[in-house]
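**Q** only geometry, no sequence info:
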């Protein structure tokens, strides 16, 4: 099974779980399974229309899916999908 790592800011929606194991062939399938188990997480990770929020970065084994096949990026049983909220702000 593939692993999805949940960052601290999203763990409330997963009952505190740091990781969620999923059976999926693509990142999109992995996220669908994650949202089926934790529906409240969907609104934090996606926009209206189901597209990924621009404030969430998704990596597979430390490689940004934007530079691969996006949500169609294939994953295997030993892969780790990482949800990483973008950081904003800075000095004034």
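**A** Yep, that arrived. All values derive from a computational prediction rather than experimental measurement. Residues are numbered from 1 along each chain as shown.
**Q** going forward, measure contacts and count neighbours with C-alpha atoms only.
**A** Fine.
**Q** please identify which helix or strand holds residue 84.
**A** Under the criterion of DSSP states H and E, residue 84 resides in strand 80-85.
**Q** buried set for stretch 56-64?
**A** 56-60, 64 (16 or more other Cα atoms under 10 Å).
**Q** neighbours of the nearest residue to residue 19 once chain neighbours are set aside, how many?
**A** Among residues not flanking residue 19 along the chain, residue 5 sits closest, at 4.5 Å (Cα to Cα, 6 or more residues apart in numbering). A count of neighbours around residue 5, defined by other Cα atoms under 10 Å, yields 18.
**Q** pretty sure residue 5 sits against residue 18.
**A** Yes: assessed by Cα atoms under 8 Å, residue 5 is found in contact with residue 18 at 6.0 Å.
**Q** average model confidence for the strand holding residue 84?
**A** Strand 80-85 shows a mean pLDDT of 96.
**Q** ok, residues contacting it?
**A** 2-7, 27, 55-62 (Cα atoms under 8 Å, 6 or more residues apart in numbering).
**Q** helices - which of these land there?
**A** Within the contacts of strand 80-85, residues falling in helices by DSSP state H are residue 27.
**Q** state the pLDDT value of the residue nearest to residue 65 when sequence neighbours are not counted.
**A** Leaving out its chain neighbours, the residue that sits closest to residue 65 by Cα to Cα, 6+ apart is residue 59, at 5.5 Å. In this model, residue 59 is scored at 97, pLDDT.
**Q** dump the residue contacts of residue 59.
**A** 65, 81-84 are the contacts of residue 59 under Cα under 8 Å, 6+ apart.
**Q** list the beta-bridge partners for it.
**A** Bridge pairing for residue 59 (DSSP bridges) gives the partners residue 64, residue 82.
**Q** lowest-confidence helix or strand of this protein?
**A** Here the helix or strand of the chain ranked lowest by mean pLDDT, DSSP states H and E is helix 42-45, holding a mean of 92.
**Q** that's all I had, so thanks and see you.
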